[in-house]
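Q: Structure for this input, please:
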Amino acid sequence: MRGKGGGLGISPVATTVILVAAAIVAAVAVAFWESGLSVIFTRFEKIELESVYWDGERI
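A: Numbering: from 1, shown residues only. Next up is the predicted model:
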């Protein structure tokens, strides 16, 4: 298939395959994000205080 510039372009079938693959990858990424599986890779530290002492002074 030749365009206005005279060079070869991408066939419509290849373009469709690329677009469908990109849509599937995006859908899978959103599904993982929505289901919370991404929490495995983005954990936060948890800090627990066992005891607290206050001597009456202002903090």
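Q: Report pLDDT for A22.
A: Looking at A22, its pLDDT is 98.
Q: Now it: which helix or strand?
A: Element membership of A22 [criterion: DSSP states H and E] is helix 12-35.
Q: how far is that helix from where the chain is centred?
A: In this view, helix 12-35 has its centroid 13 Å away from the chain centroid, taken as Cα atoms, centre = their mean, to the nearest Å.
Q: Please name every helix or strand in contact with it.
A: Helices and strands touching helix 12-35, by 3 or more Cβ pairs under 8 Å, 6 or more residues apart in numbering; DSSP states H and E: there are none. For the C-beta atoms, the positions are set from N, CA and C on the backbone; glycine is no exception.
Q: May I have stretch 41-50 exported as PDB, CA atoms only?
A: Taking C-alpha atoms only, stretch 41-50 is exported to PDB below (Å, rounded to 0.1, in the frame of the first residue of the first chain):
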ATOM      1  CA  PHE A  41       3.900  -4.200  44.800                       C
ATOM      2  CA  THR A  42       3.100  -1.000  46.700                       C
ATOM      3  CA  ARG A  43       3.200  -1.900  50.400                       C
ATOM      4  CA  PHE A  44       3.600   0.700  53.100                       C
ATOM      5  CA  GLU A  45       5.500   0.400  56.400                       C
ATOM      6  CA  LYS A  46       3.200   0.000  59.400                       C
ATOM      7  CA  ILE A  47       4.300   1.800  62.600                       C
ATOM      8  CA  GLU A  48       2.800   0.800  65.900                       C
ATOM      9  CA  LEU A  49       3.500   2.600  69.200                       C
ATOM     10  CA  GLU A  50       3.600   0.200  72.200                       C
END
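Q: hmm, back to that, dump the helix holding A22 to PDB, keeping only the CA atoms.
A: Extracted C-alpha coordinates of helix 12-35, given in PDB (Å, rounded to 0.1, in the frame of the first residue of the first chain):
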ATOM      1  CA  PRO A  12      -4.900  -2.200   8.100                       C
ATOM      2  CA  VAL A  13      -4.800  -5.700   9.500                       C
ATOM      3  CA  ALA A  14      -1.500  -5.100  11.400                       C
ATOM      4  CA  THR A  15      -2.900  -1.800  12.700                       C
ATOM      5  CA  THR A  16      -6.000  -3.500  14.000                       C
ATOM      6  CA  VAL A  17      -3.900  -6.200  15.700                       C
ATOM      7  CA  ILE A  18      -1.800  -3.600  17.400                       C
ATOM      8  CA  LEU A  19      -4.800  -1.600  18.600                       C
ATOM      9  CA  VAL A  20      -6.600  -4.700  19.900                       C
ATOM     10  CA  ALA A  21      -3.400  -5.800  21.700                       C
ATOM     11  CA  ALA A  22      -3.000  -2.400  23.300                       C
ATOM     12  CA  ALA A  23      -6.600  -2.400  24.400                       C
ATOM     13  CA  ILE A  24      -6.300  -5.900  26.000                       C
ATOM     14  CA  VAL A  25      -3.100  -4.800  27.900                       C
ATOM     15  CA  ALA A  26      -4.800  -1.700  29.200                       C
ATOM     16  CA  ALA A  27      -7.900  -3.800  30.300                       C
ATOM     17  CA  VAL A  28      -5.700  -6.300  32.200                       C
ATOM     18  CA  ALA A  29      -3.800  -3.400  33.900                       C
ATOM     19  CA  VAL A  30      -7.000  -1.800  35.000                       C
ATOM     20  CA  ALA A  31      -8.400  -5.100  36.200                       C
ATOM     21  CA  PHE A  32      -5.300  -5.700  38.400                       C
ATOM     22  CA  TRP A  33      -5.500  -2.200  39.700                       C
ATOM     23  CA  GLU A  34      -9.200  -2.500  40.500                       C
ATOM     24  CA  SER A  35      -8.900  -5.900  42.200                       C
END
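Q: Much appreciated, bye for now.
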